[in-house]
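>>> Requesting a structural model of the entry that follows:
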Amino acid sequence: MTAETICPRQKADGFYLGGPATWRDNGTCSYCGSMTPERFFECVEAGNELVPTDKNYKVYVRHPNPLAGQMTIRSSANFQVASDWIEATPEVCEQYGWKPYGDGPHWVNPSPEGPTETSKFYFYHLDEAGMHRFIELLNGKRMKLAYPGHFYVPPFFVRFGAPAETAKTP
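Predicted coordinates for the structure are as follows:
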């Protein structure tokens, strides 16, 4: 991917060090880490769960993990892992899942990826058409919202209120 983008968060923060943001190969913004609007709508329309936040600019998306089952490094340490109650010999470290990695005292703890992952989406990445599409999906109850089943704080471009009355024909 790596196409240049103007990240609205980058623009608002005034940070242009390192140049413009890009869409990385994994479909996220290099500045803020948001998934692309296209990926966001794919997830919504596939019935993936949206997790509300107390922010009016962000939502989390739970979706299938493309790396499910693959071993990945979840934590690492640049020293031999130790504690007050156990002598951290290499054998003990390995017994607890830590593996030596590379040269020197570097340890990693690999574990399998889970079946789902949670990504963030910043509403700032929506253009006007995307905002309208979001509102149509929301009003059509075509979004799966996690507990409590509604947004704590509506997205900054959404206003909740009484529905408009339809015109009556004589």
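>>> residues touching the spatially most central residue of the chain, list them.
Nearest to the geometric centre of the chain sits Ser119, at 1.8 Å (Cα atoms, centre = their mean). By Cβ atoms under 8 Å, 6 or more residues apart in numbering, the residues touching Ser119 are Thr28, Met35, Tyr60, Val61, His63. Placement of C-beta: from N, CA and C, glycine included.
>>> Then it would be within a strand, right?
Yes - counting by DSSP: H, G, I helix; E, B strand; the rest coil, Ser119 is part of a strand.
>>> Let me know the closest of the contacts of Ser119 to Lys99.
When the contacts of Ser119 are compared for distance to Lys99 (Cβ to Cβ), Thr28 wins out at 28.0 Å.
>>> Pull up the gap between that closest one and Met35, please.
6 Å (Cβ to Cβ, to the nearest Å).
>>> what do you get for Lys58?
11 Å.
>>> so after the helix ranked longest in the chain, what's the next helix or strand?
Taking DSSP state H as the criterion, the chain has its longest helix at helix 128-139. Using DSSP states H and E, the helix or strand that directly follows helix 128-139 along the chain is strand 144-145.
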